[in-house]
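Chemist: build me a model:
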Amino acid sequence: MPAELQSTSQGQTLILTLRNPERRNAIEPAMYAAGIEALGVAESSPDIRSVVITGADGMFCSGGNLQRLLANREQAPQVQAQSIEGLHNWIETIRTYPKPVIAAVEGAAAGAGFSLALACDFIVAARNAVFVMAYSNVALSPDGGASWSLAHALPRQLATEILLCGDRVDAPRLHTLGVVNRLTEPANALGAALALAEQLNARALNVLASIKELLNEAPQASLTQQLGMERDHFVKNLHHANAGEGINAFLDKRAPRYE
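Modeler: As a prediction, this is how the structure comes out:
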């Protein structure tokens, strides 16, 4: 069975499932392109309010295909560069996506699979899930935004340990460190991710998009710049129809019905 990214939906949530049974859901260039395309369609769809990325058959993702990497060593360097650009375009699409994106992790998230999970807004993981940046184990450096994501999420010493040592890190430790949002019992990560998505689906999409944009801009902005952006987003959202619905629903003690 060829590697593929399966696209399904449950309610208002798009589910993207990594499926590559022969290589433990390793990701391939066609999957990067399919991921970008699926997110583009979902972004413009009023029926989709959130996205969950998961892996098939109890495994999130084993990372890149090492056999393909070996073959690429016989090609011009630009071949691998173009492949990584495809992955990076997908990672950046997820990071800047205006709707919430949740990773549901069972089994292992290794290498680029770990990078993919880190690109999401939330990580929901089974207690027995493991995460590993195995690049240094095979004399490679990270890709998929791994160094950026870990440097922003963790103190330098911890990010260095994960990337240089290449050891497995279990989900409970990452939960303690604040990288994993929610722990579940084994085989329950997707269900818990969908429950979280349902909670988010009930909120105003324009506000979720504003919050994501503000969080993305905060690391490189000065306080004055961030205050200005918060002002602009607040005013824009106050004058959106959803704010009228939200405030009136709160005052009327009823559930809001957002656009």
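Chemist: what about the helices in the stretch 101-250 of the chain?
Modeler: 112-119, 146-153, 156-165, 171-176, 189-201, 205-217, 223-238, 241-252 (DSSP state H, counting those that start in this stretch).
Chemist: flag every buried residue along the last one.
Modeler: Just to be clear, that refers to helix 241-252. Neighbour counts over helix 241-252 (16 or more other C-beta atoms under 10 Å) mark Asn242, Ala243, Gly246 as buried. (Glycine included, C-beta is placed from N, CA and C.)
Chemist: residues making contact with it?
Modeler: With C-beta atoms under 8 Å, 6 or more residues apart in numbering as the test, helix 241-252 has contacts from Ala204, Leu205, Asn206, Val207, Asn237, Ala255, Pro256, Arg257, Tyr258, Glu259.
Chemist: quick one, domains of the chain?
Modeler: Here the domain parsing of the chain from automatic domain parsing is 4-201, 205-252.
Chemist: nearest spatial neighbour of the spatially most central residue of the chain, chain-adjacent residues omitted?
Modeler: For the chain, Cys120 is the residue whose C-alpha lies nearest the centre (C-alpha atoms, centre = their mean; 1.7 Å). Nearest residue to Cys120, sequence neighbours excluded (C-beta to C-beta, 6 or more residues apart in numbering): Ala103, at 4.1 Å.
Chemist: residues near that neighbour, how many?
Modeler: Neighbour count of Ala103, defined by other C-beta atoms under 10 Å: 29.
Chemist: now do the one 3 residues further on
Modeler: Glu106 has 24 neighbours, counted by other C-beta under 10 Å.
Chemist: mind checking how far it is from Gly228?
Modeler: Glu106 sits at a distance of 42 Å from Gly228 (criterion: C-beta to C-beta, to the nearest Å).
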